[in-house]
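K.L.:
here is the input, now give the coordinates:
(2 chains, ligands or ions: 1)
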Amino acid sequence: MTITEKIIARHSGKESVVPGEFVECSVDLVLANDITGPLAINEFEKAGAKKVFDPDKIVLIPDHFTPCKDIQSAELVKKLRNFARKHRVRFYEIGKVGIEHALLPEEGLTRPGDFIVGADSHTCTYGAVGAFSTGMGSTDIASAMITGKVWIKVPSSIKFIYKGKKNKYVGGKDLILYTIGKIGVDGANYKSMEFTGETIRDLPMDDRFTICNMAIEAGAKNGIIEPDDITLLYFEEKGIFHPDIIKSDEDTFYEDIIEIDVSDIMPQVSAPHLPSNSKNVDEYENVKIDQVVIGSCTNGRITDLRRAASILNGHTIHPEVRCIIIPATQKIYQQALKEGLIDIFLTAGCVISPPTCGPCLGGHMGVLGEGETAIATTNRNFIGRMGHPKSYVYLSNPEVAAASAIKGKITHPDKI
Amino acid sequence: MIKGRVWKFGDNINTDDIIAARYLNTTDEKQLASHCMETIIQDFANKIQKGDIIVAGENFGCGSSREHAPISIKGCGISVVIAKSFARIFLRNSINIGLPVIELSEADNIEQGDVLEIDFENGMIKNLTKNTSYRFSKYPEFLQDIIKNGGLIQWVKARYIK
Ligand code: SF4
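P.N.:
All right, here's what the predicted structure looks like:
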């Protein structure tokens, strides 16, 4: 069996499972946010449920429209907060909250071998620690909060093997944008993407989170990376020793095996309006931009801020560009402050937002007007994603975004 | 039996197309319905008649996990969504909230304005405009059980809540 099949088997009380089979799994963690949580609470109440299956295994995170942008979003967060108090489930208040997919791993709540479901499509991020995790809708989550279980069709797996030496300024974001460009936005629909190979083994955890985060952008049910020494060290630093390490059998069946030589990959940029429109950054050079966003559950971690700062250090933002930096969690913010990164950003002329999803989904804190163009380290460039239906989002890694902020147009970091 | 007029869409219709994130500060079905598909067809919710059918290409409903997407489609009166393929979270959500969805490889043969008649019992779609018909496969038993119960919450209620 693959790592994904093994985790599903364990959580469904079976010796083994095969792709295509429907099983009911017990869950280790259930997640919802300020957009999806209120709907789940409505359904929870409609079902007439009186209590949740296990308060410790439920997390409600108000991260999308917070600090609340208007009365309606304040009402949504209030609903989450009241439910959390009543049922004593985990809730992160403003001042503690961060973007869910950065916050939960940071808190040590997502562990290798876990089965995690969340009412947010980027729940697949936690595959980076070797967990099975997948996004679902609010009704699924309501049902999971009541029963501690979800139904699932066992996905078949595609194995991606990354080999070769990375070029300068190529990170997790470039590997995944390149991969999605290769297989398309439905290239892994319903399937599991297993990321393997010597290049992955060398990647720090933050890059692994970025890769698994965007598995959904190829339609995948989950993305996953086998735990290794880097994973173990990550957990040791959190005081978590001997996590449950599960690996794929060497001779197991994969629906497809795709080998990628990373020495071919240059920093990538995805043009509007699909993440699969990815090409080498050079191909989009000279696209003028109005705004840069460095943040999100894809690239708002400390490694990302360090990389952006390394480019911005000693430079100033182009006079016709706004550059918005969003540390994904309070801890990341604090760390960036300690390391002097925030100072570099402020000196360059960036604005720093509190941890929030904000502009990533066109919510607040940097929404685009008609005809405006942004380059962002986020994960989606759909029509209207960051604001006006006639606005344009290019996706990239933090270094490319930072270099573009300095030049006022999409730029290879080498040119700074 | 469902009968309705077709609204045709292309490939990769994503959840931001179906309902943009700026409208997600509510869970109200009517408000969500009023903005359904407006990025692609202005004023869609007012142009359609109750019972109308959405027909689309590959990967319908890709993107976010927002259940607001099928809720807004159902809320504005669309009776069923037919597509060559669906993104998996959208498919789950639709089944869970009781919006019928049909995977049909021949969806390309159906055009804007065609009138369809759908027989779920027998897995049959009649195209009354073109005078042809298409077969579709039924859901696996597990899902039929959820559908028969009227959605996931009713299913959970029947099984878990005394
Ligand atoms: S940062 Fe963007 S993609 Fe990530 S959870 Fe928030 S809205 Fe979704």
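K.L.:
from memory B:Arg22 sits against A:Gly363, does it?
P.N.:
Yes: using C-beta atoms under 8 Å, B:Arg22 is in contact with A:Gly363, at 7.2 Å. Yep, even glycine has a C-beta here, placed from its N, CA and C like the rest.
K.L.:
and the two? Which one has more around it.
P.N.:
A count of neighbours by other C-beta atoms under 10 Å in any protein chain shown puts A:Gly363 above the other of B:Arg22 and A:Gly363, at 24 against 16.
K.L.:
that one touches A:His64, doesn't it?
P.N.:
Yes: the pair A:Gly363 / A:His64 is scored as a contact, 5.8 Å apart, by C-beta under 8 Å.
K.L.:
quick check: neighbours shared by those two?
P.N.:
Here A:Gly363 and A:His64 have A:Thr356, A:Cys357 as joint contacts, going by C-beta atoms under 8 Å, 6 or more residues apart in numbering or on different chains.
K.L.:
which one's the longest strand in chain B?
P.N.:
The strand spanning the most residues in chain B, taking DSSP state E as the definition, is strand B:2-8.
K.L.:
list the buried residues in that one.
P.N.:
B:Gly4, B:Val6, B:Trp7, B:Lys8 (16 or more other C-beta atoms under 10 Å in any protein chain shown).
K.L.:
and which of those residues is nearest to the ligand?
P.N.:
Each of the buried residues of strand B:2-8 was checked against the ligand using C-beta to the nearest ligand atom; the closest is B:Trp7, at 28.2 Å.
K.L.:
OK, contacts around the closest one?
P.N.:
Contact partners of B:Trp7, counting by C-beta under 8 Å, 6+ apart, are B:Ile41, B:Phe44, B:Ile48, B:Asp52, B:Ile53, B:Ile54, B:Val55, B:Ile78, B:Gln112.
K.L.:
which residue packs closest to A:Gln291, ignoring adjacent ones?
P.N.:
A:Ala374 (4.1 Å; C-beta to C-beta, 6 or more residues apart in numbering or on different chains).
K.L.:
the contacts of B:Trp7 in helices, which ones?
P.N.:
Of the contacts of B:Trp7, the ones assigned to helices by DSSP state H are B:Phe44.
K.L.:
which residues does the residue nearest in space to the middle of chain B form a beta bridge with?
P.N.:
Computing the C-alpha centroid of chain B and ranking residues by C-alpha atoms, centre = their mean puts B:Val81 first, at 3.1 Å. In this entry, B:Val81 is beta-bridged to B:Ile54, B:Val101, by DSSP bridges.
K.L.:
now swap in A:Phe91 and tell me
P.N.:
A:Leu60.
K.L.:
which residue does chain B bring closest to the ligand?
P.N.:
Closest approach between chain B and the ligand, counting by C-beta to the nearest ligand atom: B:Ser64, at 6.8 Å.
K.L.:
spell out which residues sit in contact with that residue, please.
P.N.:
Per C-beta under 8 Å, 6+ apart, neighbours of B:Ser64: A:Asp120, A:Ser121, A:Leu361, A:Arg380, B:Asn14, B:Thr15, B:Asp16, B:Ala21, B:Ile89.
K.L.:
and the least confident of the residues you listed?
P.N.:
Ranked by pLDDT, those bottom out at B:Ala21, which has 89.
K.L.:
what about it, how many residues close to it?
P.N.:
Residues near B:Ala21, counting by other C-beta under 10 Å: 26.
K.L.:
go on, the one 3 residues further on?
P.N.:
Taking other C-beta under 10 Å as the neighbour definition, B:Leu24 ends up with a count of 28.
K.L.:
could you do B:Lys148 as well?
P.N.:
Counted with other C-beta under 10 Å, the neighbours of B:Lys148 add up to 10.
K.L.:
can you tell me how far it is from A:Phe253?
P.N.:
According to C-beta to C-beta, to the nearest Å, B:Lys148 stands 34 Å off from A:Phe253.
K.L.:
cool, A:Gly362 as well?
P.N.:
Per C-beta to C-beta, A:Gly362 is found 41 Å from A:Phe253.
K.L.:
check what pLDDT B:Gly150 gets.
P.N.:
Reading off the confidence values, B:Gly150 has pLDDT 78.
K.L.:
mind listing what it touches?
P.N.:
B:Gly98.
K.L.:
cutoff 10 Å now
P.N.:
B:Gly98, B:Lys157, B:Ala158 (C-beta atoms under 10 Å, 6 or more residues apart in numbering or on different chains).
K.L.:
out of those, which is nearest to A:Cys357?
P.N.:
Of all the contacts of B:Gly150, B:Gly98 has the smallest distance to A:Cys357: 29.1 Å, by C-beta to C-beta.
K.L.:
so chain A: which segments form each domain?
P.N.:
A:3-260, A:268-415 (automatic domain parsing).
K.L.:
report whether the last one contacts the ligand.
P.N.:
Yes: with C-beta under 6 Å from any ligand atom as the threshold, domain A:268-415 lies in contact with the ligand, specifically through A:Ser296, A:Cys297, A:Cys357, A:Cys360, A:Leu361, A:Thr378, A:Asn379.
K.L.:
looking at these, which are in helices?
P.N.:
Going by DSSP H, the helices hold A:Ser296, A:Cys297 from the residues of domain A:268-415 next to the ligand.
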